[in-house]
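Chemist: What would the 3D arrangement of this be:
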Amino acid sequence: MTNVPTIPVVSKHAPWNKGKIMGAKPPLRPKHVWSIRTKLQVEGRTRDLAIFNVAIDSKLRGCDVVALKVDDLAPGGYSADRATVRQKKAGRPVKFELTESTRQAIDDYLRISCKKPGEYLFTGRRLGGHMTTRQYARLLSRWLSDIGLDPHLFGTHSLRRTKATLIYRRTGNLRAVQLLLGHTNIESTVRYLGIEVDDALAIAEQVDV
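Modeler: Below you'll find the model as predicted:
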């Protein structure tokens, strides 16, 4: 028998992550948060402002933000000081606070949208359904582009990490951040915030050779 050399098959499909920046997306800085808030307020984008503020305060994953219902944040028709939501991924309830600016944004949005108890807070294109995580991600990209940031450098997890990172940097209370993020163990919080690397760099910056 004659051995026929095999020709390797080259896939014509490009890798799904080609051109994409992989790895954990960084949190937003306070100046970025205020820039986005100010632009949304000035342009009267009431719904977007409510979504953005809720995402920052709640520290929820994108899938949980879009699935929020009116009763979750405004059980009596007006936004509450605190809320409790069961996370889709972990299946555990997590509590979070709503700042005054966020409560005002929610109340303004509820008044304009005429949302009723039992309805999804942020509806999508499908009748009766909530906004998809893809729609949410596209909104975030637009907000970032509007203030001159590269949307490829950030993701919806950036909003989840923003306030949690600030809380840790200001208090050093890792246990509190763990509870706010709804992590089952402290190691998950350490990895999520990347604080071991940050702390090591902070120490290194204080040492001159």
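Chemist: Just give me the neighbour total for the nearest residue to Arg125 once chain neighbours are set aside.
Modeler: The shortest distance from Arg125 to any non-neighbouring residue, by Cβ to Cβ, 6 or more residues apart in numbering, is to Gln135 (7.6 Å). Every C-beta, even on glycine, is put in place using the N, C-alpha and C of the backbone. Gln135 is surrounded by 14 other residues when neighbours are defined as other Cβ atoms under 10 Å.
Chemist: Quick one: distance of stretch 102-116 to the chain centre.
Modeler: How far stretch 102-116 lies from its chain's middle: 20 Å, per Cα atoms, centre = their mean, to the nearest Å.
Chemist: Contacts for the helix or strand hosting the residue nearest to Arg125 next, please.
Modeler: Gln135 is located in helix 133-146, with elements delineated by DSSP states H and E. By Cβ atoms under 8 Å, 6 or more residues apart in numbering, the surrounding residues in contact with helix 133-146 are 36, 39-40, 48, 51-52, 62-63, 65-66, 122, 124-125, 150-151, 154-156, 158-159.
Chemist: same thing with stretch 61-73?
Modeler: Residues from elsewhere that reach stretch 61-73 (Cβ under 8 Å, 6+ apart): 51, 54-55, 58, 60, 79-80, 83, 85, 87-89, 98, 106, 110, 115-122, 124, 130-133, 135-137, 156-157, 160.
Chemist: what do you get for stretch 40-56?
Modeler: 33, 36-37, 62, 65, 68, 73, 98-99, 101-102, 105-106, 108-109, 112-113, 121-122, 136, 139, 143, 156, 159-160, 162-163.
Chemist: In it, which residues are buried?
Modeler: The neighbour-count check on stretch 40-56 (16 or more other Cβ atoms under 10 Å) flags 40, 45-56 as buried.
Chemist: From the contacts of stretch 61-73, which land in helices?
Modeler: When DSSP state H is applied, these are split such that 51, 54-55, 58, 106, 110, 133, 135-137, 156-157, 160 fall in helices.
Chemist: Which pair in the residues you listed has the greatest spatial separation?
Modeler: The span of the ones in helices among the contacts of stretch 61-73, defined through Cβ to Cβ, is set by Leu110 and His157 at 26.8 Å.
Chemist: ok, His152 - how many residues close by?
Modeler: His152 has 12 nearby residues by other Cβ under 10 Å.
Chemist: Cool, thanks, signing off.
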